[in-house]
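[1] Structure, please.
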Amino acid sequence: MVPPVPPSTKNAIEATRLARITELLNRLDSYDDLKAACLLGLLDDKTPHPTPRLAKAGLKLNAGATTRQLFDFAGERLGRMTRFDRELRDAVWPRLRELGIIQRAYRTTDPEFRASGEQMRYGAHEKAKSPNNSYALSDEAKKLLVDTSDTDWPKALDKFVKGDADRRLRVLQAASAAVATVGESDHSKLIRQAAVALKATLLPDYELVFVDDADEERVKDEWKKGLDKRGLLPDLDSLWPDAILVRDKDKSIWFIDAVTSDGEVDTTRHQELDDWARARGYKPRGYTTAYATWKRAGARQGKMKNLAVGSTVWIAEDGGKLFTVGSLADGS
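    Next up is the predicted model:
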């Protein structure tokens with residue numbers, strides 16, 4: 001286990017770099033102390049490289065280092081009395097590679113160095129399970145964490161975290177994490193967060209036209225006018241989904257039901273919502289059941305197994321993903 005103690009720093013430069021690392025990893029829903037300390041090592045341009053040949057050549061730790069070398073650096077910053085187990089590598093490197101923060105590297109052997117003159121090679125682990133396999137910062141991450149001025153940092157960080165799909169997914173997870181501990185009294189919060197996540201990604205040209213979170217009257221005044229003009233104002237016989245999103249140009253409609261106690265989009269509800277929308281001239285495009293956590297989703301579905309085929313599932317603590325419910329029985 002990684003101790004719940006943030007890395008210490010030895011000087012002001014390290015402190016500044018650690019602050020940037022921490023902000024970056026938090027934005028990407030990927031912070032833990034060991035990742036942060038290892039990245040601090042990969043930014044270290046003062047400590048001589050722990051490999052004697054590389055140190056003699058003037059290379060520093062930031063040239064690239066093995067898991068053991070970086071874990072030893074991290075252990076010192078984290079106050080470890082014993083060495084980190086190398087088996088923890090899978091808790092560090094895959095996520096950082098996925099996010100484009102680090103790259104694979106290879107420390108050449110002495111014969112390879114004599115033949116090529118290269119101390120390190122970047123982009124691959126050239127030999128499986130070699131003790132010379134190493135990691136280094138990606139060029140993009142180095143530019144962000146080292147070369148960016150304090151003035152430009154906020155804009156550069158924002159550009160980096162939105163720079164590819166894997167990072168954007170993690171940003172969505174981080175933004176949704178606040179909902180992951182909601183209780184039954186926070187049903188409204190879960191509804192709105194699910195709607196915001198869908199609208200910000202999959203449904204940018206849809207408008208949120210209804211949220212069923214009124215304590216007394218079923219339709220708040222803020223929704224009545226918009227629903228009425230679209231012919232969607234629910235009546236006593238209506239099903240009252242938790243949220244409705246609409247694309248006016250082609251009369252497409254998307255339903256959300258957020259579950260804190262019960263209320264998934266099951267087969268019956270799926271059909272009834274479909275009939276309700278079509279009777280009003282709308283084309284149903286989606287039906288999403290939202291849960292706050294995997295634990296809550298598992299507890300409900302372990303018991304109910306009632307999610308409708310063709311519907312989707314959104315889980316706040318993993319909020320960058322949308323899961324589609326298919327059926328092996330009919331191949332859908």
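
[2] Now the helix or strand harbouring residue 70 - C-alpha only, CSV.
    Secondary-structure element containing residue 70, defined by DSSP states H and E: helix 67-77. Presented in CSV, the C-alpha positions along helix 67-77 are these (Å, rounded to 0.1, in the frame of the first residue of the first chain):
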residue,chain,number,x,y,z
THR,A,67,11.1,1.3,-12.0
ARG,A,68,13.5,0.4,-9.1
GLN,A,69,15.4,3.6,-9.4
LEU,A,70,12.3,5.7,-9.5
PHE,A,71,10.6,3.8,-6.6
ASP,A,72,13.8,4.4,-4.5
PHE,A,73,13.6,8.1,-5.3
ALA,A,74,9.9,8.1,-4.4
GLY,A,75,10.5,6.1,-1.2
GLU,A,76,12.8,8.8,0.1
ARG,A,77,10.3,11.5,-0.7
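
[3] Show me what it is packed against.
    In terms of contacts (3 or more Cβ pairs under 8 Å, 6 or more residues apart in numbering; DSSP states H and E), helix 67-77 is packed against helix 33-42, strand 133-137. C-beta: built from backbone N, CA, C; applies to glycine.

[4] could you dump those to CSV with distance to residue 263, mean pLDDT and mean neighbour count?
    Written out in CSV, the entries for the helices and strands packed on helix 67-77 read as follows (distance: least, Cβ to Cβ, whole Å; pLDDT from 0 to 100; neighbours: other Cβ atoms under 10 Å):
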stretch, distance to residue 263, mean pLDDT, mean neighbour count
helix 33-42, 38, 97, 24
strand 133-137, 46, 98, 22
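
[5] could these be laid out in CSV, adding distance to residue 93?
    Converted to CSV, the helices and strands packed on helix 67-77 look like this (distance: least, Cβ to Cβ, whole Å):
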stretch, distance to residue 93
helix 33-42, 8
strand 133-137, 6
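
[6] Which of those sits closest to residue 309?
    If you check each of the helices and strands packed on helix 67-77 against residue 309 by Cβ to Cβ, helix 33-42 wins as the nearest, at 38.9 Å.

[7] got a list of contacts for that closest one?
    Applying Cβ atoms under 8 Å, 6 or more residues apart in numbering, the set of residues contacting helix 33-42 from outside is 2-7, 9, 14, 17-18, 21-22, 25, 47, 61-62, 64-65, 69-71, 73-74, 77-78, 84, 88, 91-92, 95-96, 101-102, 135-137, 145.

[8] what's in contact with stretch 84-95?
    Under Cβ under 8 Å, 6+ apart, the answer for stretch 84-95 is 2, 30, 32, 34-35, 38, 67-68, 71-72, 74-75, 102, 135.

[9] if you look at the contacts of helix 33-42, which of them are in strands?
    With strands taken from DSSP state E, the overlap with the contacts of helix 33-42 comprises 102, 135, 136, 137.

[10] out of those, who's nearest residue 43?
    Relative to residue 43, the closest of those is residue 137; by Cβ to Cβ it sits at 7.0 Å.

[11] What separation do you get for the nearest residue to the closest one once chain neighbours are set aside and residue 86?
    The spatially closest residue to residue 137, leaving aside those adjacent along the chain, is residue 42, at 4.9 Å (Cβ to Cβ, 6 or more residues apart in numbering). Distance check for residue 42 against residue 86: by Cβ to Cβ, to the nearest Å, it reads 17 Å.

[12] Give me the secondary structure label for the closest residue to residue 227 other than its chain neighbours.
    Once its chain neighbours are removed from consideration, residue 227 has its nearest residue in residue 233; the separation is 4.3 Å (Cβ to Cβ, 6+ apart). Following DSSP: H, G, I helix; E, B strand; the rest coil, we place residue 233 in the coil state.

[13] And residue 233, how far from residue 192?
    Summarising the geometry, the distance separating residue 233 from residue 192, computed by Cβ to Cβ, is 20 Å.

[14] With residue 13 instead?
    The separation that residue 13 has from residue 192, given Cβ to Cβ, amounts to 42 Å.

[15] ok, the two, which is more surrounded?
    Here residue 13 and residue 192 are compared on neighbour count by other Cβ atoms under 10 Å; more neighbours surround residue 192, at 18 against 13.
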